[in-house]
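Chemist: sequence plus the predicted model coming up.
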Amino acid sequence: MSFPSLNEEKVVHIFRDAARETPPGTVFLVHGFLAHVHDIGPYVTALLSRGYVLVVPELPGHGLSGGEPAGIADFAHYGEFISDLVTLVQQEDDGFPQPWHAVG
């Protein structure tokens, strides 16, 4: 799904096991600089197999998100982006069970 952040469209991937009625929680899984979601596929697979709902953003300028490719004027922009993402997720009713965890 995409959403506006930092005056551009950003992309976040949501993974969930539809067969699991009660996930143990939600994990925000963030890739590193100069990477994208495909680089952390083994983590996605492992956490999904344990039933977690996954929120996996494409950082600004990476993967499918807008922005200068592999460019960031200020790393504080990543913090702003994650803050926008958390606000978006908080607005969803029951889609992202607690506890929430973050892995980066």
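Modeler: Here it is on my side, so go on.
Chemist: I'd like the next helix or strand past the one helix or strand in the chain whose mean pLDDT sits lowest.
Modeler: Least confident helix or strand, the chain: strand 2-5 with a mean of 81, by mean pLDDT, DSSP states H and E. Once the chain leaves strand 2-5, the next helix or strand it forms, by DSSP states H and E, is strand 8-15.
Chemist: and the following helix or strand past that following strand, average pLDDT?
Modeler: Using DSSP H and E, the helix or strand that follows strand 8-15 towards the C-terminus is strand 26-29. Per-residue pLDDT over strand 26-29 has a mean of 96.
Chemist: ok now strand 26-29, how far from the chain's centre?
Modeler: Distance of strand 26-29 from its chain centroid, counting by C-alpha atoms, centre = their mean, to the nearest Å, is 7 Å.
Chemist: from the contact counts, what lies against it?
Modeler: For strand 26-29, the helices and strands in contact under the criterion 3 or more C-beta pairs under 8 Å, 6 or more residues apart in numbering; DSSP states H and E are helix 41-49, strand 53-58, helix 76-90, strand 100-103. The way it works is simple: take the backbone N, C-alpha and C, and place the C-beta from them, glycine included.
Chemist: one more pass at 6 Å, please.
Modeler: strand 53-58, strand 100-103 (3 or more C-beta pairs under 6 Å, 6 or more residues apart in numbering; DSSP states H and E).
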